[in-house]
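J.: Below is the sequence, then the predicted model.
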Amino acid sequence: MSNWEEFYNTHLPPADFEDNRSLLKEFCERHNRLQNRIVLVTSGGTTVPLEHNTVRFVDNFSAGTRGSSSAEYFLDHNYAVIFMHRLKSLEPFTRHFTGQQFFDMLDITDNGQSTSITVNPDSVDVFAPILAKYKQARESQMILYVSFTSVVDYMWLLRAACECLAAFEDRAVLYLAAAVSDFYIPQDMMPTHKMQSGEGAPTISLQLVPKMLAPLVSLWVPQAFVVSFKLETDENLLITKARDSLSKYKHKLVIANILQTRKHRVVFVTPTSSYEVHLSREQALQGLEIEEPIVADVVQKHSEFINSGMSRQ
Ligand code: 9Z3
């Protein structure tokens, strides 16, 4: 048995798995009937629980900015979007108003008989276009939200989504932007209850998470346009690691980024080329987001892929 098969045999799916599987199935069947293009956007970090009754866990950084903003740009390009995200990480549309920002846009008036809440006139110009896009995406059912928390939840959901996406053949894009842990504690090596400090300092031993890109590319969605992200903190490793990943898994594109500069610079690495996509200082100051040119480029590459008939070779 391969590592990944063993992983699914020894780790139970999350409690809401069957509900999510039905939602995925229904969403995919509808969009496949309509012959739409579809993208699976994964977003946010995964947790690695240290106990079955989880009080403590190891987390992966990632606010979900890349995934949530990219989902909006894919909708602009008429893709149906499965937004598979870490619960409570940033989501498309609402991401523009985090914390108190949303409340600050509202005014409340009370004339003694009734209370009304309105959007502050200064905020209408900012809020209206985002609300309109949100309503449009929801009413036309172009976006499905499904969430995960732990790396095990993520793996179950990823495979279930792929099972539904296979029918789209080359019309599906997988845009794997989530920050997925490489290490975890297998269920049979995890204590049931909260670790007790009275028992002394714990020794925590992490195991390697199987590389799901291998079955994903070769078995689950062999005709899809698969884009993975590679995150490094050492610039000297970035391109080599991205190239290694492409030659190992044989997918279409790796988007490589460095932790500190990820919001204004990424490198597109394909089997035949590598080039930078970046925002200038002025563009960043104007509020442009790097995900806009990233998604435009991915969409263009996806179109070329479909037109070349490469997935059928
Ligand atoms: C990324 O590299 C994403 O671009 C970020 C986005 C997580 C950096 P934010 O959510 O950050 O906007 O704050 N995602 C992929 C990270 C990852 O886990 N890659 C693995 C690896 O590099 C597997 S492909 O080995």
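T.: Looks like it came in fine. Numbers count the residues shown, from 1 in each chain.

J.: in this structure, which spans are helices?
T.: Using DSSP state H, the helices of the chain run over 3-10, 17-33, 65-76, 101-104, 121-139, 151-165, 213-215, 235-249, 281-285, 291-308.

J.: export these to JSON lines and tack on mean pLDDT?
T.: Shown next, in JSON lines, are these (pLDDT from 0 to 100):
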{"stretch": "helix 3-10", "mean pLDDT": "96"}
{"stretch": "helix 17-33", "mean pLDDT": "98"}
{"stretch": "helix 65-76", "mean pLDDT": "98"}
{"stretch": "helix 101-104", "mean pLDDT": "94"}
{"stretch": "helix 121-139", "mean pLDDT": "96"}
{"stretch": "helix 151-165", "mean pLDDT": "98"}
{"stretch": "helix 213-215", "mean pLDDT": "98"}
{"stretch": "helix 235-249", "mean pLDDT": "96"}
{"stretch": "helix 281-285", "mean pLDDT": "95"}
{"stretch": "helix 291-308", "mean pLDDT": "97"}
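
J.: and the ligand, which of these is closest to it?
T.: helix 65-76 (3.3 Å; Cβ to the nearest ligand atom). Using the backbone N, CA and C atoms, a C-beta is placed for each residue, glycine as well.

J.: Show residues contacting that closest one.
T.: The contact list for helix 65-76, computed with Cβ atoms under 8 Å, 6 or more residues apart in numbering, reads 39, 41-44, 81, 83, 85, 89-93, 95, 133, 137, 142-143, 173, 175, 177-178, 229, 262-263, 289, 291-292, 294-296, 299.

J.: ok, which residues in the stretch 101-250 of the chain are in contact with the ligand?
T.: Contact residues (Cβ under 6 Å from any ligand atom) of the stretch 101-250 of the chain with the ligand: 177, 179-180, 228-231.

J.: Of the residues you listed, which is the most crowded?
T.: residue 177 (28 neighbours; other Cβ atoms under 10 Å).

J.: That one reaches residue 43, doesn't it?
T.: Yes - counting by Cβ atoms under 8 Å, residue 177 does reach residue 43; the two are 5.6 Å apart.

J.: Which residue is the nearest non-sequential neighbour of residue 64?
T.: residue 89 (3.3 Å; Cβ to Cβ, 6 or more residues apart in numbering).

J.: Contact partners for that neighbour?
T.: 43-45, 62-64, 67-68.

J.: Including distance to the ligand and neighbour count, could these go into TSV?
T.: Listed next are the contacts of residue 89 as TSV, based on distance: Cβ to the nearest ligand atom, whole Å; neighbours: other Cβ atoms under 10 Å:
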residue	distance to the ligand	neighbour count
43	6	29
44	6	29
45	7	21
62	4	22
63	4	16
64	5	24
67	6	29
68	8	24
